[in-house]
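> Let me see the structure of the following:
(chains A and B)
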Amino acid sequence: MTVSAALPPRMLKAKGLASRRGEKLLFRDLDFEVGAGEMLLLRGPNGSGKTTLLLVLAKLLRPESGSCELMGGADGEGALHFLGHAAALSNRLSVAENLRFWSALCGGDAASLEPTLQTIGLAPIADLEADLLSAGQRRRLALGRLLCAERPLWLLDEPTTALDSAGEQLVSTLIDAHLQRGGLVVVATHHDIPLRAPSRVRELRLGAP
Amino acid sequence: MRAFGAIVARDLRLALRGGSDALTLVLFFVMIGIIVPFAVGPDRELLARIAPGLVWIATLLGMLLGLERLFRDDDDSGLLLLFRHAAIPLEAVIAAKLIAHWLLSALPLMLASPVLAILLAMDVGLWGRTVLSLLLGTPALAAFGALGAAVTVGLRRGGLLAPVLVVPLCVPVLIFGVGAIAGTGTGPALLFLAAISLVATAFVPFAAALALRAAGD
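Coordinates of the predicted model:
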């Protein structure tokens, strides 16, 4: 299978990563590489450090030791989307206004708004205040952020939380398309994310047994 | 640049939809003007003499009121993390929020100042000098406030701590601000006020960005 290289080839490299939260050492000597068009699945029980690892990869948290780097690009912190537990919504803005704001903030293309709304299935309620959305709809809107600006690395923390089965399908589709473009995905989840090309998925198990 | 404008526009839009914030601020400001004549007695000369100081005290306290919402909501919603991956540097994001903060907390006070001027028996000349000194001094108050809010955003009871941190920084602004209204030779005081505002607004985005980055760790 060929990867249509819409994005320049990149590689996420982590060497000897270690992190602690408070007193507890969550993981150490973590080495991995994620290449273009590959997905890394983070597995592990609650509290094993999946979210912490994502925060470290997003450069939002300094690791205790070791380093991680996204090679092959010069755009620094603007090279990734981080989708955490908090959806980063502005409650008093409407669905479309939230997307428009993210798009401007992340340097995206304003023209992608309509298709994005269609993709995430919120087009009929584009003018509804984000305050009134259900948990699943908020999650769908947050997923829309991934589409409002093209960035090579996606860091997703439990992307399927609160989603219905169509929503879970949407996550798979989005990731599939992103990998197809040569993007990189690191996702922490307890659920299965079925992809069209399972060979590109690798698993990293956190939390010593 | 689009990101910069979007942040200012969003903060203004949110505040206008929230509605009551700016109104609360103005009401607080005007209420000081209503209460003081009752407290010190209806002596017009005395009122006019202490009016510059009162206006500045009311402004300072009013601007402290809005500090909490500056970064707290964005921190709760997760947007603060997103700001660190924005198309513009975090420093520029904070500069944009600073501008919005000034427009939402200082500008309404200046618009409400004629009411205070009447209540405190100020004449037109005195009111004009007051507005000028507020115009030059409030950017510094907004900047110091933003710094306090950024430093305390990671703390659970930061809402109480920020004003305590900010007030000492604002004392020079208060001194020169009042000096620029009252007495003779107000020129140097105005220049000092402008200088403080320029330095504060230039440095605070960098200092606040440092604080916000450290807050995550």
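> Return the alpha-carbon coordinates of the longest helix anywhere in chain A using PDB.
The residue-count maximum for a helix in chain A (DSSP state H) belongs to helix A:165-180. C-alpha atoms of helix A:165-180 as PDB (Å, rounded to 0.1, in the frame of the first residue of the first chain):
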ATOM      1  CA  SER A 165     -21.300   3.600  17.600                       C
ATOM      2  CA  ALA A 166     -21.500   6.000  14.600                       C
ATOM      3  CA  GLY A 167     -19.200   8.300  16.500                       C
ATOM      4  CA  GLU A 168     -16.700   5.500  17.100                       C
ATOM      5  CA  GLN A 169     -16.800   4.800  13.400                       C
ATOM      6  CA  LEU A 170     -16.100   8.500  12.800                       C
ATOM      7  CA  VAL A 171     -13.000   8.300  14.900                       C
ATOM      8  CA  SER A 172     -11.800   5.300  12.900                       C
ATOM      9  CA  THR A 173     -12.500   7.100   9.600                       C
ATOM     10  CA  LEU A 174     -10.700  10.200  10.700                       C
ATOM     11  CA  ILE A 175      -7.600   8.300  11.800                       C
ATOM     12  CA  ASP A 176      -7.700   6.200   8.700                       C
ATOM     13  CA  ALA A 177      -7.700   9.300   6.500                       C
ATOM     14  CA  HIS A 178      -5.000  10.900   8.500                       C
ATOM     15  CA  LEU A 179      -2.700   7.900   8.300                       C
ATOM     16  CA  GLN A 180      -3.400   7.700   4.500                       C
END
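> Within range of chain B, give me the residues from chain A.
Listed as neighbours of chain B in chain A under the rule C-beta under 8 Å from any C-beta of the partner chain: A:55, A:58-62, A:77-78, A:80-82, A:84-93, A:97, A:100-102, A:104-107, A:145, A:149. Heads up, the C-betas are built off the backbone N, CA and C, glycines and all.
> hmm, who's touching the longest helix of chain A?
For helix A:165-180, the surrounding residues in contact (C-beta atoms under 8 Å, 6 or more residues apart in numbering or on different chains) are A:3-4, A:37-39, A:119-121, A:136, A:139-140, A:143, A:146-147, A:154, A:159-160, A:163, A:185, A:187, A:191, A:193-197, A:200.
> OK, contacts around residue B:113?
Residue B:113 is in contact with B:55, B:127, B:130-131, B:134, counting by C-beta under 8 Å, 6+ apart.
> quick check, nearest of these to chain A?
residue B:134 (28.9 Å; C-beta to the nearest C-beta).
> Disregarding residues adjacent in the polypeptide, which is nearest to residue A:82?
Spatial nearest neighbour of residue A:82, chain neighbours left out: residue A:58 (4.3 Å); criterion: C-beta to C-beta, 6 or more residues apart in numbering or on different chains.
> Flag every buried residue along the helix or strand containing residue B:210.
Using DSSP states H and E, residue B:210 falls within helix B:186-216. For helix B:186-216, a neighbour-count test (16 or more other C-beta atoms under 10 Å in any protein chain shown) marks B:186, B:189-190, B:192-194, B:196-197, B:200-201, B:204-205, B:207-209, B:211-212, B:215-216 as buried.
> If anything else comes up later, I'll come back, but that's it for now.
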